[in-house]
Structure formats: C-alpha cells, structure tokens
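A.B. asks: Sharing a sequence plus its predicted fold:
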Amino acid sequence: SMDERRQMARAAADSTVEAVQRAATAEQGLQQRTSEMSRERMNHPVDNAATARDSAGPGPRQNTLSYESAEKAKGLAREQQDLADRVNKLQQAAAQLRDQLKRAGALDSSLSRQLREAQQMLHDALTPQLLDEMRKLQSAANQLSADQADQSLANLAELQKQLRQQLEKSAQMLQRAAFEGAMQTLHDEAHDIAKAEDSLPAGTSAHDQQRNLADRSDLLARAVQQLQQKLADHNADAGARNTDEAHTFARASEQSMRQRADAQTAAAEMQRAAAAMQQARDQQVAEWKHELTSEIDRAVQELLQMSRQEARMQQQARAGQASAEQLRGDQSAVDQGVQQTQQRLQAQAQKTTLLSGRAQRAVGEAAQRVAAATKLAADPRDAVRTPSAMGDAADALNRAAAALARDRQRANMASSASGFAEMLQQLQDAAKKQGSINAQAQGLMPMPGQGQMSPEAQATARMLANEERRLARQLDDLSDAAGGDRAAQLSKE
C-alpha cells in the first residue's frame, strides 16, 4: 500500500543518514590514527637502526621500514579501502532513497535536488588523490620504504581530513532532506486519511472502516510524534512546533473515529493535521535559510568592524599614538574575533552550498593576514613592519566582507535552503550559452582556399570571444558551489 511505501521511505532516510554519520565518525578515527603514525615517524625518522648502520657508506643512507611499522601502515591502507567501499555503497543508498521517495509520491523537485546533491558529494568525496595515496602507502609498506611511507602518511592524513569533512556535510544535507521527506510523506498520509474519513457512508455498515481509519490515524500520530522529537533534538524549532500541532489534530481525529462520532468532524481534524505538516516543512525550510542569512549578516558586520579596528591601529602605530602593549592587546582581540567568525561560518558551510568556497577562502586569507599582524605586533623588533601588516589585514577583512555580501545577495534570491537548485539552473543556462557560441563559431571558419575571414566575420569572432570570457567568469563563480570542481574545469576550458 501507499502507507507502507511511505513508511519504508522514512525508514530508509533515517538509515541512510545514520550510515553516513557512522562513516564520518569512522573516518575521523582513521584520520587520527594516520596522523599519529605520521607524527611518530617524523619524531623518529630512523625506523630500523641496524639497517641504517649497515647502509652507512659512500652512498646515501637508506631508512628501511620495520616489519611492525609496515604492517601498521598496511592496516591503515586496508581500513581506508574498506571505508572507501562503504562510501561507494552510501552513494547507492542515496540513489535508492530517491527511488523510494518517488514510489511514495513524495519526491518533489526540491527533495530530488537535495538528494542528488548529497549523492554527488559522496561521489566527489572519494578523490583520485586519496585513492592514489592509499596505493602508494600500500606499495611503500610492501617495499619497506620508510621515506615513501612517511610522505604517503602525511598526504593521506590530510586527504582523510577532507573526506571526513565531506562526509559530515553530506550527513547534514541528508538529515535535512530526510526531515523534509518525512514531513511530506506524513502530510500526504494525513491528507489521504482525511479524504477517506470524509467519504465514509453513514450507518453501522461503516464500523469496520471507522476502526481501520482509527488504526491508521494512530500509526500516523505515532510517526508524527517520533518526528517531532527528532526535529526538537536537532533544534529544528519551526518544524517541531508545527509537527506537535499535527500530532494533536491526528489524535483528535483518531478519537472521533474510535467513538464513532461524526466522520466529517474526524476528517476536518485530520485535514488540520495535514495542513500543520505542510506548514512544518515550509516554515522549517524558511528557518534554515534565515539561519544562514543571519549568520552571514553578523559575519559581514563583524569583519567590517574588525577592518576599521585594524585601520585605526595602523594609524596609531605609525603616529606613535599607542603603546606597544596596547597595540598587542588590541591586535590579539581582533585575531580572536576573526577566528570565532571563521568557525561559525565553517559550521554553516557544512549545511548549505549558498556559502561559497570563494567567500570561505577570503575569510581564511583575512584570518592569516590578521595572524601575521598579531605576530609582528608581539615582537618589538618588528615595530617598523607592523603598521603595513595591519593595513594588509584591514584590506583582507574588507575583501572577506565583500565576498560574504555577494553570498548574502545570492542566498536572499535563492528559493531553496541548500542553493543547489539555483546552481543547477545556472549551469544549464551556461551550457545553453556554450552551445550557442559553438554553433556560431563553426560558421565563422573559412573554407579551404578562401583565405582569411572577412571583416564582418572577424567582428563576430571578437564578439563571441567576449561572450566566451563572460561565460568563463560565470563558471568560475559557480565553481565555488557544490560540484565546483567540475564547473572550475569548464571555466578553464
């Protein structure tokens, strides 16, 4: 039945989210063990002293990996391969979830795009570089090559960190998609029950149908209550609040059916439950979007304020209007402030593609400039260079604020909380423009024996070249969103 399909879709969504979360946790543990072994190798580079002594001579000394270290490295490589296999299966699980929501009649365009995005992120998480470093580490362990193993361990630890971050972001997006899917399927179920109650015939002949609808209402109310608790646990307040109302209405409808009251009254209560579930989804998506835009607004204001502070400190340092101790204290405060702003933005970036990689890099650069100024301000011997570093920090903070302001404008125009729908539309528009440019360019090439292009053709070629450059800039902007590597490659072409 359709009710069973909806239940299966909700269960599959919960299962997929939990699996991705477990994979992220496992990757974090593996990354820590890889980093620990890498640090141990750096602190004790000579793994086999006897071999090192034997190899001493006119040629370069070879550092051979011990059997114990080689086995440990092989174990790390095997664990990473197992996790890579799990991530591949998670891609399939995300695809299957889309199919189940489609069979349940709940896969609208927004949900479909979110799940495609999560599936693509899982695919992109397994980079060729990660797989290559796994093979290199395995090869180094087999050959007992300590130098190669040291390099592979360091590289692998960094790539594992990136994979963990990608898995965590995928889990966040899948969780939101699971919540939206659950709210939609429960809305549809409540609507179907209300329709059935409204169609009940009068008299004793409807008693069995009333009992059946009461049982369905009970199952619905239980599912709604469970969802309400999950939403509350994840601080999804708008969804939790409306879902709680839906639970009350569903229970009222169930009681009407059990007491064999007026079916129209029961249908009206259940229809209110359906409306509350629709409100739960709509308002929760709006709340998620507002959460992002509010955080961007706060970050922009903070960055601009810190930029003004840096400029003021630069003037004071040049004019000798502040003591070295005061400048150190003020500079340290700005350093702490930009780090806090960066951390909050990183948390938001785990949940949406509307916060671009370009803006995150600009904030990261600003943090580096501020840190450099802080380091110089702490050393009296660098007093001459400190004002210039503070000026650089002020400029970098302004650039970061400007980049975030562009993201804020894009988020304000977006129709979804993730931003993926808008990115897909822009990529489709860009593809159409590229096709048009290609078609016009083919008509400009002179036929063999015709010599050079005519002046009119040359003018058209220049126009197409300008269009191509504008398209490249557009693709470069899109490269900061989800799937950005593919857009960046198109931009380079």
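C.D. replies: The structure has been received and is ready for your questions. Small disclaimer: the values here were computed from a predicted structure and weren't measured. Residues are numbered from 1 along each chain as shown.

A.B. asks: ok, so what distance separates the residue lying closest to Ala383 once chain neighbours are set aside from Leu376?
C.D. replies: Spatially, and ignoring its direct neighbours in sequence, Ala383 is nearest to Ala324 (7.0 Å; Cβ to Cβ, 6 or more residues apart in numbering). Placement of C-beta: from N, CA and C, glycine included. Between Ala324 and Leu376 the distance, using Cβ to Cβ, to the nearest Å, works out to 11 Å.

A.B. asks: For Ala274, which non-adjacent residue is spatially closest?
C.D. replies: Closest residue in space to Ala274, ignoring its immediate chain neighbours: Ala190 at 3.8 Å, by Cβ to Cβ, 6+ apart.

A.B. asks: Was I right to think that neighbour contacts Gln278?
C.D. replies: No - at 9.3 Å, Ala190 and Gln278 do not qualify as touching, with contact defined as Cβ atoms under 8 Å.

A.B. asks: Look at those two and report which has more neighbours.
C.D. replies: For the pair Ala190 and Gln278, the greater number of neighbours falls to Ala190 (29 against 19), based on other Cβ atoms under 10 Å.

A.B. asks: Report the contact partners of the more buried one.
C.D. replies: With contacts defined as Cβ atoms under 8 Å, 6 or more residues apart in numbering, the neighbours of Ala190 are 220, 246, 250, 270-271, 273-274, 277.

A.B. asks: And for Gln92, the neighbour number?
C.D. replies: 12.

A.B. asks: Flag the shaky bits of the chain, pLDDT-wise.
C.D. replies: 45-63, 109, 202-206, 414-493 (pLDDT under 70).

A.B. asks: Scan it for its longest helix.
C.D. replies: When the chain is scanned for its longest helix (criterion: DSSP state H), the result is helix 263-319.

A.B. asks: Which elements pack onto that one?
C.D. replies: Secondary-structure packing of helix 263-319 (3 or more Cβ pairs under 8 Å, 6 or more residues apart in numbering; DSSP states H and E): helix 146-198, helix 207-233, helix 237-258, helix 324-349, helix 357-377, helix 386-413.

A.B. asks: And the fifth one, what's buried?
C.D. replies: Same thing as helix 357-377. Buried positions in helix 357-377, judged by neighbour count with 16 or more other Cβ atoms under 10 Å: 358-360, 362-367, 369-374, 376-377.

A.B. asks: how close does Ala378 sit to Ala366?
C.D. replies: Ala378 sits 19 Å away from Ala366, going by Cβ to Cβ.

A.B. asks: now Ala240
C.D. replies: Counting by Cβ to Cβ, the gap from Ala240 to Ala366 is 36 Å.

A.B. asks: Quick one: residues contacting the nearest residue to Ala377 once chain neighbours are set aside.
C.D. replies: If you skip the residues right next to it in sequence, Ala377 has Gln331 as its closest partner in space, 4.3 Å away by Cβ to Cβ, 6+ apart. Under the criterion of Cβ under 8 Å, 6+ apart, the neighbours of Gln331 are 313, 370, 373-374, 377-378, 390.

A.B. asks: if we go to 7 Å?
C.D. replies: Applying Cβ atoms under 7 Å, 6 or more residues apart in numbering, one finds that Gln331 lies in contact with 313, 373-374, 377.

A.B. asks: Which of the residues you listed sits closest to Met134?
C.D. replies: For Met134, the closest of these turns out to be Thr374, at 38.5 Å, with distances computed as Cβ to Cβ.

A.B. asks: Let me see the contact set for the closest one.
C.D. replies: Thr374 sits next to 331-332, 335 when contact means Cβ under 7 Å, 6+ apart.

A.B. asks: if we go to 8 Å?
C.D. replies: Thr374 sits next to 331-332, 334-335 when contact means Cβ under 8 Å, 6+ apart.

A.B. asks: do the same with His247
C.D. replies: His247 touches 221, 224-225, 228, 273, counting by Cβ under 8 Å, 6+ apart.

A.B. asks: Swap in 7 Å and give it another go.
C.D. replies: Counting by Cβ under 7 Å, 6+ apart, His247 touches 221, 224-225, 228.

A.B. asks: Helix, strand or coil: sort out Thr352 for me.
C.D. replies: Per DSSP: H, G, I helix; E, B strand; the rest coil, the local secondary structure of Thr352 is coil.

A.B. asks: how about it, phi and psi?
C.D. replies: The phi/psi pair for Thr352 (degrees, to the nearest 10) reads phi -150, psi 160.

A.B. asks: how close does it get to Gly181?
C.D. replies: Distance, Thr352 to Gly181, by Cβ to Cβ: 18 Å.

A.B. asks: Who has more neighbours out of these two?
C.D. replies: Counting neighbours by other Cβ under 10 Å for Thr352 and for Gly181 shows that Gly181 has the greater number, 29 against 25.

A.B. asks: Report how many residues lie close to Leu90.
C.D. replies: The burial metric for Leu90, expressed as a neighbour count using other Cβ under 10 Å, is 24.

A.B. asks: pretty sure it is touching Gln119, no?
C.D. replies: No - proximity of Leu90 to Gln119 does not meet the contact threshold set by Cβ atoms under 7 Å, at 8.7 Å.

A.B. asks: Can you report how many residues lie near the nearest residue to Glu197 once chain neighbours are set aside?
C.D. replies: Closest residue to Glu197 in three dimensions, ignoring its sequence neighbours and counting by Cβ to Cβ, 6+ apart: Ala267, at 3.9 Å. Ala267 has 22 neighbouring residues, counting by other Cβ under 10 Å.

A.B. asks: Same check on Ala238?
C.D. replies: Residues within reach of Ala238, counting by other Cβ under 10 Å, total 19.

A.B. asks: How much space separates it from Met173?
C.D. replies: According to Cβ to Cβ, Ala238 and Met173 sit 18 Å apart.

A.B. asks: Just the C-alpha atoms of stretch 32-41, please, in PDB.
C.D. replies: What follows is stretch 32-41, C-alpha atoms only, in PDB (Å, rounded to 0.1, in the frame of the first residue of the first chain):
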ATOM      1  CA  GLN A  32      43.600  10.400  13.900                       C
ATOM      2  CA  ARG A  33      45.500   7.100  13.800                       C
ATOM      3  CA  THR A  34      47.100   8.000  10.500                       C
ATOM      4  CA  SER A  35      48.200  11.400  11.800                       C
ATOM      5  CA  GLU A  36      49.500   9.800  15.000                       C
ATOM      6  CA  MET A  37      51.700   7.400  13.000                       C
ATOM      7  CA  SER A  38      52.800  10.200  10.700                       C
ATOM      8  CA  ARG A  39      53.900  12.300  13.800                       C
ATOM      9  CA  GLU A  40      55.700   9.300  15.300                       C
ATOM     10  CA  ARG A  41      57.600   8.800  12.000                       C
END
